[in-house]
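J.: Okay, predicted coordinates and the sequence, questions at the end:
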Amino acid sequence: MEAQSTATTPVPQAPQRRPLRRWLARHAWWFAPLVLIAGLMLVFWVQLRRIDARYQAALARLRTAGVPTNGAELNAFDAQRPVDPEATAAWLAAIDAWRAAGFTPAQEQLLSELAFPQEKPAVEEASPTGDPPLNMADLRSAMQPVLNAVRAAQAQGTAVRYPRDYRQGISTTLSFIQSLRRLAPVLLAEAGLQADAGNIDGAIAAVLATLQLSSTLQQERTVVAQFVRHAIVAQARHSTLALLANHSLSSPQLRELTRAYADIDFDDALACAIRGEMGLSLDSSVLRSVGGPRAYLFERLSLPGKLCLAEHFEQVLQAEKHPWPRRLLAVEQLVEVFDVRHDKMPAITRMSHMHCYLAPQMAIYTTAFARATAERDGLFVVLAACEWMNEHGGAMPESLEELAPEYLSEVPSDPYTGAPLRLKATDEEWTVYSVGENGRDDGGSAQGDASNRMLDIPTTLRFVPAQPTDAQP
């Protein structure tokens with residue numbers, strides 16, 4: 001009985017592990033790191049989703065403020081402004097006429113010398129490059145079709161939209177912009193030739209045509225276009241000052257020039273350019289054109305940098321609402337904050353193709369347009385002083401306050417300080433100047449300082465004072 005009882009007693013067995021537990025126990029050495037990596041990736045993905053939500057909200061606020069956020073929106077914004085097809089065709093025909101003229105490098109150099117004379121150009125002399133001697137008759141015959149085309153375009157107005165597609169960047173419009181820049185010396189050379197011939201009305205008409213040429217770029221939404229426009233206006237200003245220094249203009253002629261320069265709005269141009277550059281900087285179409293998962297990953301990883309840029313642009317829009325000179329200080333402070341914030345990011349999160357391009361340049365752009373404003377306002381004062389001189393027997397005013405309110409509504413303010421522009425007068429010249437970027441009065445000197453920055457921004461009228469006549473018996 002006892003033996004039988006022993007045979008029927010079940011033998012206890014070790015518990016068998018389930019297959020999943022056996023697999024985990026066998027592969028734990030590599031599965032645990034995989035789980036850790038997956039968890040970190042999940043956290044990173046959630047964080048990117050939050051950043052993307054903030055970025056999309058910032059883009060929505062920028063759109064509400066009238067800022068396009070990609071090339072397609074830039075095209076749509078550009079299509080909304082009034083455009084005259086006939087004016088566009090006329091100015092494009094003027095560009096074609098300049099290209100067809102085929103000016104040689106030596107002729108272009110002569111045009112520059114005629115437009116901005118420092119000393120008499122060497123006409124009929126062999127050029128140092130070995131080209132044949134320059135002939136003024138040949139130059140004038142080459143200029144004439146260009147001048148005729150510009151006169152025809154002037155009659156059509158300046159509601160022009162040069163061909164472009166912002167989805168491809170700014171390269172599609174650069175050729176037109178550069179052609180306009182090289183067209184200006186032709187018009188200003190004509191102004192110099194007309195003035196030398198004693199035709200002051202013809203010289204003024206050429207200067208006005210140059211200013212109208214610059215106005216075709218008024219609504220262009222790139223900083224490059226606005227810098228070219230500023231350069232054309234600066235060239236016209238140079239020719240105007242030369243005209244004032246060498247010839248006596250009547251008060252109606254002076255008022256005509258004043259009205260033309262008054263139509264130049266640098267603040268509106270700066271706003272257009274900055275908004276356009278914002279849209280180009282925030283555009284991701286360049287990344288999407290690459291295609292594939294690489295572009296998607298690159299775009300996702302650059303989200304922190306893009307969010308930083310979008311929030312920076314929102315702050316810049318607020319800073320641009322300030323009057324001069326507070327605007328300059330506000331933008332400079334924003335750029336410093338952006339640089340510090342952006343540099344603290346890991347390199348992989350700030351790889352966006354234009355993040356580091358526009359933001360640090362904001363202060364440079366604002367300073368450049370402040371300079372353009374100071375130069376334009378200085379010319380306003382000089383034109384008003386010439387009108388004063390016509391009505392006061394050739395005498396110049398001893399202070400700028402004497403010009404207001406009859407010749408100027410008020411003395412223009414210095415965009416760098418907010419104070420009125422300053423005056424330095426001698427027997428040979430009369431200089432209105434802004435203190436410039438360094439904020440220091442350097443007596444109207446435009447020489448560069450140790451940091452290679454211009455000192456003051458002068459607008460100088462050089463003249464020969466009228467000599468008193470002896471009384472006749």
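T.: Cool, got the structure. Numbering: from 1, shown residues only.

J.: This structure: strands as residue ranges?
T.: 422-425, 429-434, 457-462 (DSSP state E).

J.: What is the least confident helix or strand in this structure?
T.: The weakest-scoring helix or strand in the chain, judged by mean pLDDT, DSSP states H and E, is helix 285-290 (a mean of 47).

J.: Which one of the strands of the chain lies nearest to K321?
T.: Checking these against K321 by CB to CB gives strand 429-434 as the closest, at 21.8 Å. C-beta coordinates here come from the backbone N, C-alpha and C atoms, glycine included.

J.: What's the local residue count around A79?
T.: Neighbour count for A79, taken as other CB atoms under 10 Å: 9.

J.: How about the one 3 residues further on?
T.: By the criterion of other CB under 10 Å, P82 has 7 neighbours.

J.: Quick check: pLDDT value at it.
T.: For P82, the pLDDT comes out at 84.

J.: OK, contacts around K424?
T.: K424 makes contacts with 431, 433, 443-444, 458, as judged by CB atoms under 8 Å, 6 or more residues apart in numbering.

J.: make it 6 Å
T.: For K424, the contacting residues are 431, 444, by CB atoms under 6 Å, 6 or more residues apart in numbering.

J.: A384 - how many residues pack around it?
T.: 24.

J.: contacting residues for R181?
T.: By CB under 6 Å, 6+ apart, the residues touching R181 are V228.

J.: Next one: it from A262, what distance?
T.: 23 Å (CB to CB, to the nearest Å).

J.: Ok, Q361 next?
T.: 29 Å.

J.: Neighbour count for those two, which is higher?
T.: Using other CB under 10 Å, the more surrounded residue of Q361 and A262 is Q361, with 14 against 11.

J.: do you know how far that one is from P415?
T.: Noted for Q361: a distance of 18 Å to P415, by CB to CB.

J.: can you check A153 too?
T.: In terms of CB to CB, A153 sits 32 Å off from P415.

J.: so how far does stretch 312-325 reach from one end to the other?
T.: Stretch 312-325 has an end-to-end distance of 20 Å (CA to CA, to the nearest Å).

J.: what comes into contact with that stretch?
T.: Contacts of stretch 312-325 (CB under 6 Å, 6+ apart): 65, 278, 330-331, 334, 338, 359, 362, 415-418.

J.: how about a markdown table for those, with pLDDT, distance to A101 and neighbour count added?
T.: A markdown table is the format used below for those (pLDDT from 0 to 100; distance: CB to CB, whole Å; neighbours: other CB atoms under 10 Å):
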| residue | pLDDT | distance to A101 | neighbour count |
| --- | --- | --- | --- |
| A65 | 88 | 44 | 13 |
| M278 | 84 | 38 | 27 |
| A330 | 89 | 46 | 19 |
| V331 | 86 | 42 | 22 |
| L334 | 84 | 46 | 19 |
| F338 | 78 | 46 | 21 |
| A359 | 61 | 41 | 22 |
| M362 | 77 | 39 | 24 |
| P415 | 93 | 38 | 26 |
| Y416 | 93 | 41 | 23 |
| T417 | 92 | 45 | 18 |
| G418 | 92 | 46 | 11 |
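
J.: Tell me the one among these nearest to L114.
T.: P415 (32.1 Å).

J.: per-residue confidence for the residue nearest to that closest one when sequence neighbours are not counted?
T.: The shortest distance from P415 to any non-neighbouring residue, by CB to CB, 6 or more residues apart in numbering, is to W324 (3.6 Å). In this model, W324 is scored at 88, pLDDT.

J.: Report how many residues lie close to W324.
T.: Neighbourhood size, W324 [other CB under 10 Å]: 19.

J.: And the helices in the stretch 351-473 of the chain?
T.: 355-358, 362-391 (DSSP state H, counting those that start in this stretch).

J.: List the contacts of stretch 89-102.
T.: Here stretch 89-102 has contacts from 142, 145-146, 149-150, 152-153, 156, 160, 179, 183, 216, using CB under 6 Å, 6+ apart.

J.: just the CA coordinates of that stretch, formatted as CSV?
T.: Output of stretch 89-102 as CSV, limited to C-alpha atoms (Å, rounded to 0.1, in the frame of the first residue of the first chain):
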residue,chain,number,x,y,z
ALA,A,89,5.4,97.4,-71.3
ALA,A,90,6.8,100.9,-71.8
TRP,A,91,9.4,100.6,-69.1
LEU,A,92,10.4,97.1,-70.2
ALA,A,93,10.8,98.7,-73.7
ALA,A,94,13.1,101.3,-72.2
ILE,A,95,15.2,98.5,-70.7
ASP,A,96,15.3,96.7,-74.1
ALA,A,97,16.4,100.0,-75.7
TRP,A,98,19.3,100.3,-73.3
ARG,A,99,20.3,96.7,-74.0
ALA,A,100,20.0,97.3,-77.7
ALA,A,101,22.2,100.4,-77.5
GLY,A,102,25.2,98.1,-76.7
